[in-house]
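Peer 1: Okay, predicted coordinates and the sequence, questions at the end:
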Amino acid sequence: GAVVSQHPSWVICKSGTSVKIECRSLDFQATTMFWYRQFPKQSLMLMATSNEGSKATYEQGVEKDKFLINHASLTLSTLTVTSAHPEDSSFYICSVSRVYEQYFGPGTRLTVT
Amino acid sequence: AQSVTQLGSHVSVSEGALVLLRCNYSSSVPPYLFWYVQYPNQGLQLLLKYTSAATLVKGINGFEAEFKKSETSFHLTKPSAHMSDAAEYFCAVSDSTDSWGKFQFGAGTQVVVTP
């Protein structure tokens, strides 16, 4: 069965609004989760590392004030896209890991109109 | 710094023919290497991984890959393509257990299987 779930699987929002995406680790507690972004016909790019109980670590070029990450529990990390714009439309995928094992969520398709 | 190069953004193979997807990596330390498959509007499915054990790695759905340190390569093969193999394939690298989970992905290779 699935190890990682994401909700929602697909969301459409209007420009200027905020959207929250949830990532849940179903099988084990995860102190670290990762958020990736995939633009159409492109590869996955790591956005940030979500750390339980502490601030997320963002990759270079990713706006931390725009992509708010909250890892409030060992099984849940949330990504909030604030003041979304059409260029934020993308496929967002989270992953959870333990040594030598990596599990990816099914992804969330965000469309900003 | 680690990086991954996948040669060929599109590969077309006939059903029953050999599938060969190329992946070369650059890493300053012994890497961990992965191949994932992605179907449209879906997440990633792990095909196989190399974590410094056997250099020839067998995965699911008849896929296998060979780690060649001298060539810094981790090419993916399948002897006989099936129509269900049509998908996007990604090679990925992770440097070490310290940064486990921080994957660098290749650009991807779209596989088309023709009857």
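Peer 2: Perfect, thanks for sending it. Numbers count the residues shown, from 1 in each chain, chains lettered A, B, ... in the order given.
Peer 1: drop to CA atoms for contacts and neighbour counts, all remaining ones
Peer 2: Fine.
Peer 1: how far away is residue A:85 from chain B?
Peer 2: To chain B, residue A:85 is 21 Å away according to CA to the nearest CA, to the nearest Å.
Peer 1: Just confirm that residue contacts residue A:18, I think it does.
Peer 2: No: counting by CA atoms under 8 Å, residue A:85 stays clear of residue A:18, with 9.5 Å between them.
Peer 1: Figure out the helix or strand that the closest residue to residue B:74 other than its chain neighbours lives in.
Peer 2: Closest residue in space to residue B:74, ignoring its immediate chain neighbours: residue B:67 at 4.7 Å, by CA to CA, 6 or more residues apart in numbering or on different chains. Using DSSP states H and E, residue B:67 sits in strand B:64-68.
Peer 1: now whichever helix or strand comes after that strand against strand B:64-68, angle please.
Peer 2: Counting by DSSP H and E, the next helix or strand C-terminal to strand B:64-68 is strand B:73-78. Angle, strand B:73-78 to strand B:64-68, by axes from the mean of the first three to the mean of the last three CA atoms, to 10 degrees: 160 degrees.
Peer 1: quick one: pLDDT of the one residue in chain B that gets nearest to chain A?
Peer 2: Closest to chain A within chain B is residue B:43: 4.1 Å, counting by CA to the nearest CA. Turning to residue B:43, the model gives it a pLDDT of 86.
Peer 1: Tell me how many other residues crowd the spatially closest residue to it that is not a sequence neighbour.
Peer 2: Nearest non-adjacent residue to residue B:43, counting by CA to CA, 6+ apart: residue A:106, 4.1 Å away. Residues near residue A:106, counting by other CA atoms under 10 Å in any protein chain shown, number 24.
Peer 1: related to what we said a few turns ago, what count of nearby residues applies to the residue nearest to residue B:74?
Peer 2: Residue B:67 has 24 neighbours, counted by other CA under 10 Å.
Peer 1: For stretch B:75-82, give me every contacting residue.
Peer 2: Contact with stretch B:75-82 is made by B:13-24, B:35, B:62-67, B:113, as judged by CA atoms under 8 Å, 6 or more residues apart in numbering or on different chains.
Peer 1: What helix or strand is the residue minimising distance to the centre of chain A located in?
Peer 2: Taking CA atoms, centre = their mean, the centroid of chain A lies closest to residue A:35, which sits 4.0 Å from it. In the assignment (DSSP H and E), residue A:35 maps to strand A:32-38.
Peer 1: just to revisit the earlier point, wait, what's in contact with the residue of chain B closest to chain A?
Peer 2: A:93, A:104-107.
Peer 1: next one: stretch B:8-21 to chain centre, how far?
Peer 2: Centroid displacement of stretch B:8-21 relative to its chain, using CA atoms, centre = their mean, to the nearest Å, is 13 Å.
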